[in-house]
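1. The sequence and its predicted three-dimensional model are supplied below.
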Amino acid sequence: MTRLATARLAALILAPALLATAVQAAPQSETQNALGLASGLNLVVFKNFYASSSDVEGRVAVGGDMQVGGYSINTKGSGALYGGQGLTVGGKLQAGSGSYWGSTVVGGNLDSSGGASFRGDVRVGGNLNANNQWLTADSLVYGGSASGVTPWQNPRPQQAAAGSSLDLGFDFAAQQARLSGLSLQLDALTNTGTTAKPWSTFELDARGAKLAVFDVAAADVNNNLALLNLGGDSTVIINVHGNSVTFGGHGITNFNAGRVLFNLVDATSVSFSGGMVASFLAPNADFNTSWGHIDGQVIARSWSGSVQVNDAPFSGLISAVPEPGSWAMLLAGLGVIAYVGGRRQRRSF
């Protein structure tokens, strides 16, 4: 048995007990959903993010570097969609023109080349380069040096006090570990629905289940998709198996952004175009997008492309989610089990 197979076996053994305990837990606060994220956190990327244009209606968190052209974040119509921190970047931020509503926190350098409009406080851990462009912001604080600041800039950027530290407000490593564990947990759920492809549409029959779970292959989702026989408050989990997954702009029927989740448990690469009304849990996948929109929350390893992400928080009822520390311990245990399994396999030869 391979290490991966052993780890999955451990997840299959442990997940039902964890899920049973979670289902009996008290309801979560209004600020969290079943993914354990704030409902307004529209897009989470653990590594790098690139987009030449488009927007994300809710909040965004990027663990690596972020490079955007004409872009807007945390706004729908005019004004901030959610209060508080609208954009979190762990690495450096290269911002062109665009509007970023709510406070912005950048762990590395901030380079603004197009007169970006920050509609809130901006805190930068590294250097600030305004490139002789006006920067709209309520306040500008940087930890390193400041350059390219126009004489008429108001407010003037202020250097942080010596020895002060910058809190991103989001633990990317812990969240990636937790969400990877959640993905395994959801994949271990029993398949409750049935699938068929009578013509050109891949049909997923929920059979009226309150929690409808499907196990499908990557090739299955690159079709017209239709959900059938949903209950009035059904939550749909679609566990997709395969390293490379393509959503090729096909039609969808009866999809609900708040109640449908694609769990891309094996994916390392996702190609997306078209329109989708669902959320995506793909903590280990690079999302490559070309055109279209996603109405839902997206969790990915990295992001490249200009697909619009619209505010449609996942509100499905799957479980309360273990704390990041609990998932870290679980994953460490799975690693030990996989390692022992690997040693046993080698000893058997």
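-> Arrived safely, thanks for sending. Keep in mind it's a predicted model, so treat the numbers as computed, not measured.

2. contacting residues for Gly108?
-> Contacts were defined as CB atoms under 8 Å, 6 or more residues apart in numbering; by that measure Gly108 touches Asp65, Val89, Gly90, Gly91, Lys92, Leu93, Gly125, Gly126. Where C-beta positions appear, they are placed from N, C-alpha and C, glycine not excepted.

3. ok, now with 10 Å
-> Gly108 makes contact with 64-66, 89-93, 124-127, 143-144, 166, according to CB atoms under 10 Å, 6 or more residues apart in numbering.

4. For it, give its distance to Gly64.
-> According to CB to CB, to the nearest Å, Gly108 and Gly64 sit 9 Å apart.

5. Overlap in contacts, these two.
-> Counting by CB under 10 Å, 6+ apart, the contacts common to Gly108 and Gly64 are Val89, Gly90, Gly91, Lys92.

6. returning to that earlier point: nearest to Asp295 among the contacts of Gly108?
-> Looking at the contacts of Gly108 and their distance to Asp295, the nearest is Met66, at 22.3 Å (CB to CB).

7. roughly how far apart are the closest one and Val44?
-> Relative to Val44, Met66 is positioned 12 Å away (criterion: CB to CB).

8. ok, now Arg59?
-> Arg59 sits 9 Å away from Val44, taking CB to CB as the criterion.

9. Need the overlap of contacts for those two.
-> Shared contacts of Arg59 and Val44, defined by CB under 10 Å, 6+ apart, comprise Leu37, Thr88, Phe170.

10. All the helices of this protein, residue numbers only.
-> For the chain, the helices identified by DSSP state H occupy 3-23, 172-187, 324-347, in order along the chain.

11. on that earlier part again, pick out the most distant pair among the shared contacts of Gly108 and Gly64.
-> The widest separation within the shared contacts of Gly108 and Gly64, taken as CB to CB, falls between Gly90 and Lys92 and amounts to 9.2 Å.

12. Pick out whichever of these two has more residues nearby.
-> Gly90 (25 against 20; other CB atoms under 10 Å).

13. Touching, that one and Val105? I think so.
-> Yes: counting by CB atoms under 10 Å, Gly90 does reach Val105; the two are 9.2 Å apart.

14. which residues do these two both contact?
-> Here Gly90 and Val105 share the contacting residues Ala61, Gly125, Leu168, Phe170, scored by CB under 10 Å, 6+ apart.

15. Once you drop chain neighbours, what's closest to Gly126?
-> When the adjacent residues along the chain are set aside, Gly126 lies closest to Asn109, with 4.0 Å between them (CB to CB, 6 or more residues apart in numbering).

16. OK, contacts around the one you found?
-> Residues in contact with Asn109, defined by CB under 10 Å, 6+ apart, are 65, 89, 91-94, 124-129, 142-145.
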